[in-house]
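Chemist: Give me the fold of what follows.
(chains A and B)
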Amino acid sequence: MSKELIRLENITKSFDGEMILDDLNLTIHENEFVTLLGPSGCGKTTTLRIIGGFERPDKGRVFFDGMDITALAPNKRALNTVFQKYALFTHMDIAENIAFGLKIKNKSREYIEDKIKYALKLVNLEGYEHRMPDSLSGGQQQRVAIARAIVNEPKVLLLDEPLGALDLKLRQDMQYELIRLKNELGITFIYVTHDQEEALTMSDHIVVMNQGYIQQEGSPEDIYNEPENAFVADFIGDSNIIHATMVRDELVNILDTDFVCVDKDFGENKPVDVVIRPEDVELVPRGEGTLAGEVTNAIFKGVHYEMEVQAGGFEWLVHSTRLFETGTRVDIKVDPFNIQVMNRPESEDEEVLVIDG
Amino acid sequence: MGNSKKTSRLLTSPYIAWCLVFIIVPLMMILFYGLTDEGGSFTLSNITAIAEPVHFRSLILALILSVISTVICFFLAYPLGMILAKNRLSSQGIVTTLFILPMWMNFLLRTLAWMTLLENKGVVNGILEYLHLPGINVINTPGAIVIGMVYNFLPFMILPIYNSLSRIDENVINAARDLGADAFQTFFKVTLPLTVPGIISGITMVFIPALTTFAISTMLGGSKILLIGNIIEQEFTLSYNWNLGAGLSIVLMVFIVINMVVSAVSDSKGEDR
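Modeler: Residues are numbered from 1 along each chain as shown, chains lettered A, B, ... in the order given. Next up is the predicted model:
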């Protein structure tokens, strides 16, 4: 793994007595695309603002390149931010907006002009130098905000839900642009979003947060395939999350039926949660599977059919390219390695709430 | 479509009638009186009368005092606006109170109160005497008039400035800091330019009433200090020379129009951007 760049140590922050971040620890490495992912109010934006210097943590310290920057003003930090809703200077034209940081640093005129050209080319806005921000579309303004940040050659670019205000098509285009930019610039991106698809598409490393705690960290594949708790499973993609009992190693009892799985070391007869992705639930003719059920609903989704199957007192969500009509009696079958067993939170506090993904 | 147009025309007609009767017609009459002599024949003498030393001095004094008052209002209002805009949530009530409360009292009464405060045997001197401090002689000086103007017109400066300050997205300020600007640079390069429209309308709303007032100068300036407003008032009420009064009003209107044009131009510029 590459060199450590930013480290948050025991960060605690509350607003008006409400705890936003509780003893948060996070390490970010050089040249990573890190996404802080979570529902609104999970503390992801506060974390970003603490890194940017716009909020001071109540407790804990922030390290940048080994230096303690907890008390450093935002204008002294070697990072730049792309804000939600762009936050362009509406009284300046595009060139002046981009030149803002460079003029503050007293760069020469030629240098600034070169940089403006370079940055506008990078974000595909050549020739927009003398337009005013209000005359640009949302997507164009977002590009200007990015250009304005990167001309300062930050080591880290912070992005606070930068695509939130854009429509779907534009958002998808910008996702690719951001990945391209990140690769061209070779710097660290810290990206905040509540959109799990965005996070999975762009990130090298995802930090899933909820209620001020980090729920899970890892690569997009890890987060998707091996969620560590029900919250992560539910937040990332569709899933069937079922209370179950771990009978013994490699055997789990789901809805009074024993399933073979690959997980170990949970103990015997321990209550657990299992998560099974809808595409991992196999429907087979009655008698050929593990658990008997009946299709209650089936709709066509384009790439696949989405079916609901009532089985063992649970409504299973199933994605399959093969259609079973509503009313069909079927069996459910799940491959052992597609059953993800998770510890069930023991206390109410630890219990993470179900959110609408 | 035609119907809704008709309805809207119908609905605006009372206002149009009001405009005609109480704004356009009086304006025409001022123009008529200002450009004629007592006999009703055309003359520019009422306009050129501004060059007479008494009139000219009173115009210059009115300009100086209203500029001073406007500047003082600006420097009082801007920091206050910033404080209010920063504590956005809790201050809404305070702003309303600050702006509205003094208005509950009659303007003349408020000015009269300052008279009582500033008189040579008034409240302020009473307190100073009690503290064995030398008394001050403010009443009937230009200083008293400025105090009266600032007191009466300050809310009109605060409100537009507060409005434009509170409209600035907090992240725009953060963005300036993020790009390396310190607090001063952020203020002068971002905050101040973004509030120019508010500043201009504040200036207009303070400068024009200050320039034309005669009530404040009558009460706090005694009869010795005559502003152009006093001269015009006297021509109408004492000398019954409506022609001269109207002529001087036209001259004063030129300054007001200049101010309005400047503010309109900067306003439309602000909207372009």
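Chemist: contacts, neighbours, all on C-alpha from now
Modeler: Will do.
Chemist: Show me what from the stretch 101-250 of chain B comes close to chain A.
Modeler: By Cα under 8 Å from any Cα of the partner chain, the part of the stretch 101-250 of chain B that sits against chain A consists of B:169, B:171-172, B:174-182, B:190, B:193-194.
Chemist: And for whatever residue of the stretch 151-273 of chain B ends up closest to chain A, the neighbour number?
Modeler: Chain A sits closest to residue B:180 of the stretch 151-273 of chain B, with a gap of 3.9 Å, by Cα to the nearest Cα. Residues near residue B:180, counting by other Cα atoms under 10 Å in any protein chain shown, number 25.
Chemist: repeat for residue A:66
Modeler: By other Cα under 10 Å, the residues close to residue A:66 number 11.
Chemist: Helices of the stretch 151-273 of chain B, start to end?
Modeler: Here the stretch 151-273 of chain B has its helices, by DSSP state H, counting those that start in this stretch, at B:170-178, B:183-186, B:192-194, B:196-212, B:215-220, B:228-237, B:242-272.
Chemist: can I get these in CSV with mean pLDDT and distance to residue A:112?
Modeler: Below are the helices of the stretch 151-273 of chain B laid out as CSV (pLDDT from 0 to 100; distance: least, Cα to Cα, whole Å):
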stretch, mean pLDDT, distance to residue A:112
helix B:170-178, 95, 17
helix B:183-186, 95, 18
helix B:192-194, 95, 22
helix B:196-212, 93, 27
helix B:215-220, 92, 54
helix B:228-237, 92, 53
helix B:242-272, 83, 26
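Chemist: And those helices: which comes nearest residue B:20?
Modeler: Across the helices of the stretch 151-273 of chain B, residue B:20 has its closest neighbour in helix B:242-272 (18.8 Å, Cα to Cα).
Chemist: pull the CA atoms of stretch B:127-139 into CSV?
Modeler: Provided in CSV are the C-alpha atoms of stretch B:127-139 (Å, rounded to 0.1, in the frame of the first residue of the first chain):
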residue,chain,number,x,y,z
ILE,B,127,-25.6,63.4,33.4
LEU,B,128,-22.3,65.1,32.5
GLU,B,129,-22.9,67.7,35.1
TYR,B,130,-23.7,65.1,37.7
LEU,B,131,-20.4,63.3,36.9
HIS,B,132,-18.6,66.7,37.2
LEU,B,133,-17.6,66.6,33.6
PRO,B,134,-17.7,69.6,31.3
GLY,B,135,-21.0,69.9,29.4
ILE,B,136,-21.2,69.7,25.6
ASN,B,137,-22.8,72.1,23.2
VAL,B,138,-24.2,69.9,20.4
ILE,B,139,-27.7,71.2,19.9
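Chemist: Give me the spatial nearest neighbour of the residue of the stretch 151-273 of chain B closest to chain A, chain neighbours excluded.
Modeler: residue A:75 (3.9 Å; Cα to Cα, 6 or more residues apart in numbering or on different chains).
Chemist: Hmm, that neighbour is touching residue B:183, no?
Modeler: No - applying Cα atoms under 8 Å as the test, residue A:75 and residue B:183 come out as separate, 9.1 Å apart.
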